[in-house]
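Undergrad: Let me see the structure of the following:
(4 chains)
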Number of protein chains: 2
Amino acid sequence: MAAAIELADRDGVDAISMRKLAQHLGVEAMSLYTHVRNKSDLLSGMTEAVISQIPISIDDADWKTSLRQMALAARSIILRHPWVPTTVEMQAAPGPAMLTYANAVIGILREGGFSVAQAHHALHILGSRVLGFTRDLFDDSGDLDPETAAGLARELGASHPYAVEMALAVTHGGALGRCDDDAEFEFALDFILDGLARLQSS
Amino acid sequence: MAAAIELADRDGVDAISMRKLAQHLGVEAMSLYTHVRNKSDLLSGMTEAVISQIPISIDDADWKTSLRQMALAARSIILRHPWVPTTVEMQAAPGPAMLTYANAVIGILREGGFSVAQAHHALHILGSRVLGFTRDLFDDSGDLDPETAAGLARELGASHPYAVEMALAVTHGGALGRCDDDAEFEFALDFILDGLARLQSS
DNA sequence: ACCTGAACACCGTTCAAGT
DNA sequence: ACCTGAACACCGTTCAAGT
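TA: Numbering: from 1, shown residues only, chains lettered A, B, ... in the order given. The predicted structure follows:
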């Protein structure tokens, strides 16, 4: 399992095949089937192993800081295993580690005074952000060299002025510095947590 | 392209292979390579074809109703092609249709009075929700028959009380009716749009 | 320009066989 | 209990050949 995680971290999850993993372990491909039912079983095992590393916040802080702590902790762990979002989405049913994590999140909300219905809404709103990741529509932390960026701007400026304006502002530090994914994640997280506080008290 | 979309709608995107698609078209697999560079080119073509169907709202309503309209329209189209979220995430670079869509969203925000920085934040917060989909952590619109549900509750109730409480409330209409994905999506969307309005005026 | 067929280097998985 | 090797039914893609 550890070997598979290491291999996925290095080469990406697409590079994981029974044959390659076996080779990585100095063994024949079919030997893996004694330890794992099939490939999807392997992938859930890897996913569960990572999820179970996310610390569940136990201290009795208020729900907002607890949730914030957990989401940021989750993010820092998942950043080290960038393939996890993919494998999480591939799973049909959540494993025990995932269930424990979800139970902790719901528990924080319920103990914080959310009704079941409110907590349910909150889960839908937080979506995968409680797990520390957001599938961005596209990478805007781009590193284009200035000349190709200028070329693109000239080509697309007429048809997509707003997109180009933002891309330019974000990539080479115009008004905004280059897009800071960490800061952007925290901003979105706090935006949601503040909204949930308002939802609860309304 | 249309044939590929039809096949993916019917059998899922995993069932799409050059060989199967060719067979579906009554042709040999290698013939496809005259119309498409490779498989990933095929998948982006399919994705782009669907994205380009999403109507860009042109009427001069305020930004909130415009964005709401677009997100709901996007959702209704993507619901008919459930594989699109997957293929969107697989793409390295956004195609023209995706760019046009993003430009429209940013344009609505900018014309609605958002600064570039605010619009940038808004994009990160909306995430894939502007495209009408959210990857839920897990399906909670489950349809378990009552007895296995009761069994699960007994088994997990001790270790995961909060998760079980919510699952029971959501699945067989306790306090909440069974989880209505449409309503839940609209709720989350409005939650975000209201928050963005507050962000803008602060 | 479009289609074909054979071929190559991969997959996941089974099964019978070994220790 | 754990590992192996051959085999099967698949992949995406190349290349030379046809019309």
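Undergrad: Just give me the longest helix of chain A.
TA: helix A:181-200 (DSSP state H).
Undergrad: got the CA positions of that one in CSV?
TA: Extracted C-alpha coordinates of helix A:181-200, given in CSV (Å, rounded to 0.1, in the frame of the first residue of the first chain):
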residue,chain,number,x,y,z
ASP,A,181,-3.7,29.0,-4.3
ASP,A,182,-3.3,28.8,-0.5
ALA,A,183,-4.7,32.2,0.1
GLU,A,184,-7.5,31.6,-2.4
PHE,A,185,-8.5,28.4,-0.7
GLU,A,186,-8.6,30.1,2.7
PHE,A,187,-10.6,33.0,1.3
ALA,A,188,-13.2,30.6,-0.2
LEU,A,189,-13.3,28.5,3.0
ASP,A,190,-13.8,31.6,5.2
PHE,A,191,-16.4,32.9,2.8
ILE,A,192,-18.4,29.7,3.3
LEU,A,193,-17.9,29.4,7.0
ASP,A,194,-19.1,33.0,7.5
GLY,A,195,-22.1,32.2,5.4
LEU,A,196,-22.8,29.1,7.4
ALA,A,197,-22.7,31.2,10.6
ARG,A,198,-25.3,33.5,9.1
LEU,A,199,-27.4,30.6,8.0
GLN,A,200,-27.4,29.1,11.4
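Undergrad: the inter-axis angle of that helix versus helix B:181-200?
TA: Orientation check (axes from the mean of the first three to the mean of the last three C-alpha atoms, to 10 degrees): helix A:181-200 against helix B:181-200 gives 110 degrees.
Undergrad: Pull out the buried residues from helix A:181-200.
TA: Judged by neighbour count using 16 or more other C-beta atoms under 10 Å in any protein chain shown, the buried positions of helix A:181-200 are A:181, A:184-185, A:187-189, A:191-193, A:195-196, A:199-200. Using the backbone N, CA and C atoms, a C-beta is placed for each residue, glycine as well.
Undergrad: Need those residues in TSV (columns: distance to chain B).
TA: Formatted as TSV, the buried residues of helix A:181-200 follow (distance: C-beta to the nearest C-beta, whole Å):
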residue	distance to chain B
A:Asp181	9
A:Glu184	5
A:Phe185	8
A:Phe187	6
A:Ala188	5
A:Leu189	10
A:Phe191	5
A:Ile192	8
A:Leu193	11
A:Gly195	5
A:Leu196	9
A:Leu199	7
A:Gln200	12
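Undergrad: residue nearest the centroid of chain A?
TA: Centrality entry for chain A: nearest residue to the mean C-alpha point is A:Phe133, 2.1 Å, by C-alpha atoms, centre = their mean.
Undergrad: distance of that residue from chain B?
TA: 10 Å (C-beta to the nearest C-beta, to the nearest Å).
Undergrad: How are the strands of chain A distributed by residue range?
TA: Under the criterion DSSP state E, chain A contains no strands.
Undergrad: So which residues on it come close to DNA strand C?
TA: Residues of chain A that fall close to DNA strand C, judged by C-beta under 7 Å from any atom of the strand: A:16-20, A:29-30, A:33, A:38-40.
Undergrad: Only whichever of these are buried, select them in ChimeraX.
TA: Burial among these is assessed by 16+ other C-beta under 10 Å; the matching ChimeraX selection reads:
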select /A:16,18
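Undergrad: Let me know the average pLDDT across the longest helix of chain A.
TA: Mean pLDDT, helix A:181-200: 96.
Undergrad: Give me the residues contacting it.
TA: Identification of contacts with helix A:181-200 by C-beta atoms under 8 Å, 6 or more residues apart in numbering or on different chains yields A:64, A:67-68, A:71-72, A:75, A:112-114, A:118, A:121-122, A:125-126, A:129, A:132, A:134, A:141, B:121, B:124-125, B:127, B:191-192, B:194-195, B:199.
Undergrad: rerun that using 7 Å as the cut-off
TA: A:64, A:67-68, A:71, A:75, A:113-114, A:118, A:122, A:125-126, A:129, A:134, A:141, B:121, B:124-125, B:191, B:195 (C-beta atoms under 7 Å, 6 or more residues apart in numbering or on different chains).
Undergrad: Then stretch A:64-83?
TA: A:5, A:8-9, A:12-13, A:50, A:53-55, A:57, A:84-85, A:105, A:108, A:129-133, A:185, A:189, A:193, A:197.
Undergrad: ok, of the residues you listed, which come out buried?
TA: A:5, A:8, A:13, A:50, A:54, A:57, A:84-85, A:105, A:108, A:129-133, A:185, A:189, A:193.
Undergrad: which phi and psi does the residue of chain A found nearest DNA strand D have?
TA: Residue nearest to DNA strand D within chain A: A:Glu28 (3.1 Å; C-beta to the nearest atom of the strand). The phi and psi values for A:Glu28, taken as degrees, to the nearest 10, are phi -90, psi 150.
Undergrad: The helix or strand bottoming out on mean pLDDT in chain A packs against which elements?
TA: Sorting the helices and strands of chain A by mean pLDDT, DSSP states H and E puts helix A:146-156 at the bottom, at a mean of 83. Contact partners of helix A:146-156 among helices and strands, from 3 or more C-beta pairs under 7 Å, 6 or more residues apart in numbering or on different chains; DSSP states H and E: helix A:161-171.
Undergrad: now the helix it packs on and helix A:146-156, what's the angle there?
TA: Using the same axes, to 10 degrees, helix A:161-171 lies at 170 degrees relative to helix A:146-156.
Undergrad: is chain B contacted by helix A:161-171?
TA: Yes. Helix A:161-171 is in contact with chain B by C-beta under 7 Å from any C-beta of the partner chain, via A:162-163, A:165-166, A:169-170.
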